[in-house]
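Please work out how this folds:
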Amino acid sequence: MHKGNIIVGQSGGPTAVINASLAGVFQGAKDAGINKIYGMCNGVEGLLREEYVDLSDSLSSPDAIELLKRTPSSFLGSCRYKFPNLPEGEAVYRQLFAILEKLDIQCFIYIGGNDSMDTIMKLSAYAESIGSSIRFMGVPKTIDNDLAETDHTPGYGSAAKFVATTMKELVCDSKVYNMDAVAVVELMGRNAGWLTAAAALAGDADCDGADLIYLPERAFDTEDFLSRVDSLRKEKHTLVVAVSEGLKNKNGQYICEEKLKDAKEDAFGHKILNGTAAYLVAQIREKLGIKARDIVLNTTQRCAAHLTSLQDVEEAFAAGKKAVGVALSGHTGEMVRFRRIQDEPYEIQLETYDIRKIANAVKAVPDSWINESGTGMTEEFIRYCRPLIQGEASPVMRNGLPCHLSLRR
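Residues are numbered from 1 along each chain as shown. Have a look, this model is predicted:
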């Protein structure tokens, strides 16, 4: 049995499979003979208040672990807490490390995205500076798929599957009436358009797919957009358009800027975006005089556990187990990442990478994967994305509805 205990937390926006990674951490720790596996309640913010649980109380059986893998949201709760810079904020670090020492923690595992990897970077650096033996390891998650130095992130495959499915259904619905109409679907993506790009998967033998797809990687021109809509509606009555919430014009301003003057920011300084689709719909109505509606999928993109990708669930679970294994072997200040070996048949390899080269970086969609006009995706993107949405992790049903696991506190 290993000496010392493990603590794990979840941070940032949840995904449909973030709990599969938590299950992987728990299973990996149990397999390694760890005595106590603690869970932070609401990430490091809760841990600083000494709010934590023994995960064995909730995950006492294989059935509970399987149910956790199919439960949406963050089982342990989340936070958006930014650690202060040193040396000014050292008191917070001393407070956290005192708690970790009291709990006899040897490995600290944090499941999250860009901002969470910033936390791992800062804590591992501080541990090194004071000679602490505690190891810090990051497990990737984000539906945005924008973490650097990894082929993709757990959570993206399931969100992409949900987006593509929803787009197919919207295209079917748009054909009901024989009249000119445009549906503008707003998808998450502040600086990277991976999720919006997934709308391209809807195009298949039984579906035309999205008529236009716009990502924040390319400057957006409203007049060109209206011209394309006007031209396309002469070919077909109804159009379905996919847009990223973070679309910007050539001057780098969000196209919904007027609606954002009083918008709040989170702890990491990110402005909370909304209104891109509504702005475009207003322009279509005013300039083209045709019926238009905005559809904002919002948080449904990250919590649709009833439509998860089995591939995504399995990879998220494996990432959690991998983090435990490498941390127990002595690694620290790293993140589990996916390295793709090939597309067909799909094969990936799990490894770890220096967190300093990942934290606070954003991975954009490659420009070569966006078509020349900037209104759609290339076949290269389709080959990249399609393996990530394969398979279904059927929910456990009770009384006709999905059953989820709740935290025992």
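
can you map out the helices along this protein?
Remark: helices assigned in the chain by DSSP state H are 18-31, 43-47, 62-69, 90-102, 114-130, 156-174, 194-197, 222-232, 276-288, 300-303, 310-328, 379-385.

residues in contact with the last one?
Pointing back at helix 379-385 there. With contact meaning CB atoms under 8 Å, 6 or more residues apart in numbering, helix 379-385 is reached by 160, 197, 198, 200, 201, 343, 344, 365, 368, 369, 370. No exception for glycine: its C-beta is placed from N, CA and C like everyone else's.

residues contacting the fourth one?
Contacts here follow CB under 8 Å, 6+ apart; on that basis residue 200 touches 164, 209, 210, 213, 376, 377, 381, 382, 385.

out of these, which one sits closest to residue 324?
Nearest to residue 324 among the contacts of residue 200: residue 385, at 28.7 Å, using CB to CB.

Against residue 315, how distant is the closest one?
14 Å (CB to CB, to the nearest Å).

number of nearby residues for the residue lying closest to residue 167 once chain neighbours are set aside?
Excluding the flanking residues, the one nearest residue 167 by CB to CB, 6 or more residues apart in numbering is residue 202, at 3.8 Å. Close neighbours of residue 202, defined as other CB atoms under 10 Å, add up to 23.

pretty sure residue 202 is touching residue 162, no?
No - the criterion here is CB atoms under 8 Å, and residue 202 misses it with residue 162 at 11.3 Å.

Enumerate the positions of stretch 65-83 that are buried.
Under the neighbour-count criterion of 16 or more other CB atoms under 10 Å, stretch 65-83 has 65, 67-83 buried.

Spit out the contact partners of residue 137.
107-110, 120, 323-324, 326-327, 331-332, 334-336, 352.

And residue 208, by the same measure?
residue 171.

rerun at 10 Å
Residues near residue 208 by CB atoms under 10 Å, 6 or more residues apart in numbering: 168, 171, 174, 175, 202, 236, 239, 240.

Narrow the contacts of residue 200 to those that are buried.
With burial judged by 16+ other CB under 10 Å, the buried subset of the contacts of residue 200 is 164, 209, 210, 213, 376, 377, 381, 382, 385.

Could you report the neighbour count for residue 113?
The burial count assigned to residue 113 is 23, neighbours taken as other CB under 10 Å.

where's the closest residue to it other than its chain neighbours relative to residue 5, distance?
When the adjacent residues along the chain are set aside, residue 113 lies closest to residue 142, with 3.6 Å between them (CB to CB, 6+ apart). Look at residue 142 and residue 5: by CB to CB, they are 27 Å apart.

In terms of neighbours, single out the busier of the two.
Neighbour totals were compared for residue 142 and residue 5, and residue 142 leads with 29 against 18 (other CB under 10 Å).

wait, doesn't that one sit right on residue 156?
Yes - between residue 142 and residue 156 there is a contact at 7.0 Å, judged by CB atoms under 10 Å.

who touches both of these two?
Joint contacts of residue 142 and residue 156 (CB under 10 Å, 6+ apart) are 15, 194, 195.

Among those, the buried ones, what's the PyMOL command?
Command for PyMOL that selects the buried part of those, burial taken from 16+ other CB under 10 Å:
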select buried, resi 15+194+195
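
Backbone dihedrals for the residue nearest to residue 113, please?
phi 170, psi 130 (degrees, to the nearest 10).

so who does it touch?
12-15, 18, 112-117, 152-156, 159, 188, 192, 194-195, 302.

do residue 14 as well
72-75, 77-78, 111-112, 141-143, 155, 299, 302-303, 305.
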